[in-house]
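In: For reference, the sequence and a predicted model appear below.
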Amino acid sequence: MDITLHTPLEDFPGIGPARAKKLAGLGLGTAGDLLRYFPRSYEDRRALASIQSALPDQPVCIQAMVAQPPQLSRVRRGLELLKVRVADHGGVMDITFFNQSYLKDALRTGEEYVFFGKVEVFGRMRRMTNPVVEPVGKNAVTGCIMPVYPLTAGISNNRVMGLVRKAVEACAGQVAEGLPERVLREYRLARSEFSYRSVHFPENFELLEAARHRLMFEELFYLSAGLALLKGRRTDAVGPACRCEGLDGFLARLPFAPTGAQRRVMEECRADMTSGRPMNRLVQGDVGSGKTAVAAAAIWMAVGSGLQAALMAPTEILARQHHRSLSVLLEPAGIRVGLLTGGMTPTQKKKLKQQLSDGELPLVIGTHALLSKGVDFARLGLVVADEQHRFGVTQRAALTAKGVRPHVLVMSATPIPRTLALIMYGDLDVSVIDELPPGRTPVDTFVVGEDKRQRMYGFVRKLVNEGRQAYIVCPAVEEDPERWSEGVPDLKAVTSYAKDLQERVFPELRVGFVHGRLKPREKEAVMAEFAAGALDVLVSTTVIEVGVDVPNAALMIVENAERFGLSQLHQLRGRVGRGAHKSYCVLVSASRGESAQARLKALAGTTDGFKIAEEDLKLRGPGDFFGDRQHGLPQLHIADLAGDTRLLKQAQDAARAMLTDDPTLEKPEHRAVRERIQTLFAKQADIFN
Ligand code: ADP
Ligand code: MG
């Protein structure tokens, strides 16, 4: 059979529809997919020993002859033992196989085999249990470095390895060498064919490293080049000019004195916005560090220079909250603030859009609705994106496209690990607000199990009696009977849980609930009630995750905490401790899983958002890190964004050099790169426009 990169796995011997379906579940559809199905780890099966020289409990390969016919015995139902005595020139060893009766006929007396396993030594007796076995000279599963693949039920590692071996043998050489010759030489990278072979079946660990290095490099190289194309180059762009002598006029309007960090970042924005080039700045600051004031300063400067500004928030609740607080701050200065959300009536929207395109309205706050067609600005000069991690690179680009190279200010409360920031925001300057406003009390965090539930409810009552309020966050909106039958563990569901709390647990308290499926008006009404102190306990999904500000709330309870990412939990925790009250965060988890417990404990042990983010990235990968797939980043197969940044920098340098030389990748030597980028960014069809 001729295997090419596109040969479907059904055409491989031994693969029927059922197996093909299971393999598809692993993302494996063609021979080409197998090539790129990289091992999760490797097992070194190269050590050789004789029966006599083998050290106890060290995995080794022993070549020996079957000395007597194997003996099969049935110990009890479901347990069969096969005993085989083997011998080499200097020793004898007894081998026991459990439930592998087929070996009885496969192992022929007088023939030599290789047995890989650990030798147990009992006085002069030597034994092995369940070794890997194959005929001498085959070297498929013994005497080599074994790749270990991610698997699924019903598909064994040997099966995947066998398929990969066929694919590699047939078509490792068919993959076009995508990296330009110059890049291969400059960064001393192994060739494509060698790398695909060696990453699966390495001769030794040095060669494996070389192969992995090349494959990681190429992945980061295509990614960097693609992102650079997406972002466009801004080196010689002209930005909307701002005139701003100083910030004193703005600071005088703030109801508080800015922290040193806030001041510094405001100044950085001022320098950018008055430089004549477009600002492209990312402001990172932990929850509660006061990013809104920085955004307000930038808006004040833009509007003061006759430009329009737009602030995009990830949720309706947050957009409304920004609208409220910015109105209070800016309307007295004569800056009208508009609001555009999906929940508005067509008439309201129409009026607002008119005012924006006329240039009559200087500032609009909104959700994704701002991105929609028909929202046009007369002179959009500043785009602020709050809590950027909820938006993808592409969405940011869509909003900026509504102005002529407007200034861009991106605010993120999720400290983004350095590697990821380099990729996501390679074109942004970064400011960090590394100081909290004075008077904040650190939040005490506890991890509790079901056994402490009643005590926890008691704690809620106690705090409410002291005049405080509490959040209770759940992962699910409604109970889903279908998932129950699948045995999915008991997830606290917002609606039923809130009802239960009100009726049975806290009849004396005022309990409300809010989740993403409520109408925007309903959500807003409940949030307003809670903010006004008319509710004691707010049960919700993560709609309250970002930005919501109720200083009187002093307790955050998270149910099924193991279901959340660490950064997300950190964000949730940031909802409390915003006022002068001592605040608490309780993470409830019935999960006894060690890693779940360790993760939650780690969170309880630190308040450093960067540390938490790094940890999250390591544990969950960049996709999950952003909460969904909206980030628009292609899936990486081998490169590890949580790893060290050196390789990424090299790949970025190489990509940049290539694009400087050939900005649209028209040259023949870049055809392969161009194709690879197009596949990688299939979702952004217009990447080369
Ligand atoms: P972030 O968006 O960074 O999470 P906010 O901008 O919402 O934080 O600010 C959190 C709270 O702290 C708000 O109530 C805000 O008014 C207040 N605040 C911000 N800066 C200061 C400051 N320098 N001094 C006192 N309070 C501040
Ligand atoms: Mg905020």
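Out: Arrived safely. Ligands and ions are numbered 1, 2, ... in the order given.

In: Return the list of helices and strands in contact with the lengthiest strand in the chain.
Out: Taking DSSP state E as the criterion, the chain has its longest strand at strand 112-122. Packing partners of strand 112-122 (3 or more Cβ pairs under 8 Å, 6 or more residues apart in numbering; DSSP states H and E): strand 59-66, strand 125-129, strand 132-135. Quick note: C-beta positions are derived from backbone N, CA and C, even for glycine.

In: what's the burial count for residue 475?
Out: Counted with other Cβ atoms under 10 Å, residues neighbouring residue 475 total 17.

In: That one contacts residue 563, doesn't it?
Out: Yes: between residue 475 and residue 563 there is a contact under Cβ atoms under 8 Å: 4.5 Å.

In: which residues in the stretch 101-250 of the chain form helices?
Out: Assigned by DSSP state H, counting those that start in this stretch, the helices in the stretch 101-250 of the chain fall at 103-106, 157-171, 181-186, 192-200, 205-231, 248-251.

In: TSV for the ones you listed, including mean neighbour count and distance to ligand 1?
Out: Below are these laid out as TSV (neighbours: other Cβ atoms under 10 Å; distance: least, Cβ to the nearest ligand atom, whole Å):
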stretch	mean neighbour count	distance to ligand 1
helix 103-106	13	64
helix 157-171	19	46
helix 181-186	14	41
helix 192-200	22	44
helix 205-231	21	25
helix 248-251	15	10
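
In: Generate a markdown table for those, with mean pLDDT as supplementary columns.
Out: Shown next, in a markdown table, are the helices of the stretch 101-250 of the chain (pLDDT from 0 to 100):
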| stretch | mean pLDDT |
| --- | --- |
| helix 103-106 | 87 |
| helix 157-171 | 92 |
| helix 181-186 | 94 |
| helix 192-200 | 95 |
| helix 205-231 | 89 |
| helix 248-251 | 93 |
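
In: Next, format those as a markdown table and append distance to residue 378.
Out: Rendered in a markdown table, the data for those read as follows (distance: least, Cβ to Cβ, whole Å):
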| stretch | distance to residue 378 |
| --- | --- |
| helix 103-106 | 80 |
| helix 157-171 | 57 |
| helix 181-186 | 46 |
| helix 192-200 | 52 |
| helix 205-231 | 26 |
| helix 248-251 | 23 |
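
In: Quick check: which of those is nearest to residue 645?
Out: Judged by Cβ to Cβ, the one of those that comes nearest to residue 645 is helix 205-231, at 10.4 Å.

In: Quick one: closest of the helices of the stretch 101-250 of the chain to residue 668.
Out: Ranking those by proximity to residue 668 (Cβ to Cβ) places helix 181-186 first, at 11.8 Å.

In: okay, now the residue of the stretch 51-200 of the chain found nearest ligand 1: neighbour count?
Out: Across the stretch 51-200 of the chain, the shortest distance to ligand 1 (Cβ to the nearest ligand atom) belongs to residue 150, at 38.0 Å. For residue 150, the tally of surrounding residues (other Cβ under 10 Å) stands at 14.

In: For it, give its distance to residue 431.
Out: Plainly put, residue 150 is 40 Å away from residue 431 if you go by Cβ to Cβ, to the nearest Å.

In: end to end, how far does stretch 553-563 reach?
Out: In stretch 553-563, first residue to last residue: 23 Å (Cα to Cα, to the nearest Å).

In: ok now that stretch, how far from the chain's centre?
Out: Centre-to-centre, stretch 553-563 and its host chain are 21 Å apart (Cα atoms, centre = their mean, to the nearest Å).

In: State the mean pLDDT of that stretch.
Out: Mean pLDDT, stretch 553-563: 92.

In: any idea where the helices of the stretch 351-500 of the chain begin and end?
Out: Under DSSP H, counting those that start in this stretch, the stretch 351-500 of the chain gives helices at 393-400, 418-424, 453-465, 481-485, 494-500.

In: Out of those helices, which gets the lowest mean score?
Out: Here the lowest mean pLDDT among the helices of the stretch 351-500 of the chain goes to helix 481-485, at a mean of 48.

In: So which bits of this structure are right by ligand 1?
Out: 256, 258-259, 262, 285, 287-293, 413, 437, 547, 549, 578 (Cβ under 6 Å from any ligand atom).

In: Which of the residues you listed fall in helices?
Out: Of the residues of the chain next to ligand 1, the ones assigned to helices by DSSP state H are 262, 291-293.

In: The residue of the stretch 301-450 of the chain found nearest ligand 1: what's it in contact with?
Out: Taking Cβ to the nearest ligand atom, ligand 1 has its nearest neighbour within the stretch 301-450 of the chain at residue 437, 3.4 Å off. The contact partners of residue 437, taken as Cβ atoms under 8 Å, 6 or more residues apart in numbering, are 256, 259, 288-290.
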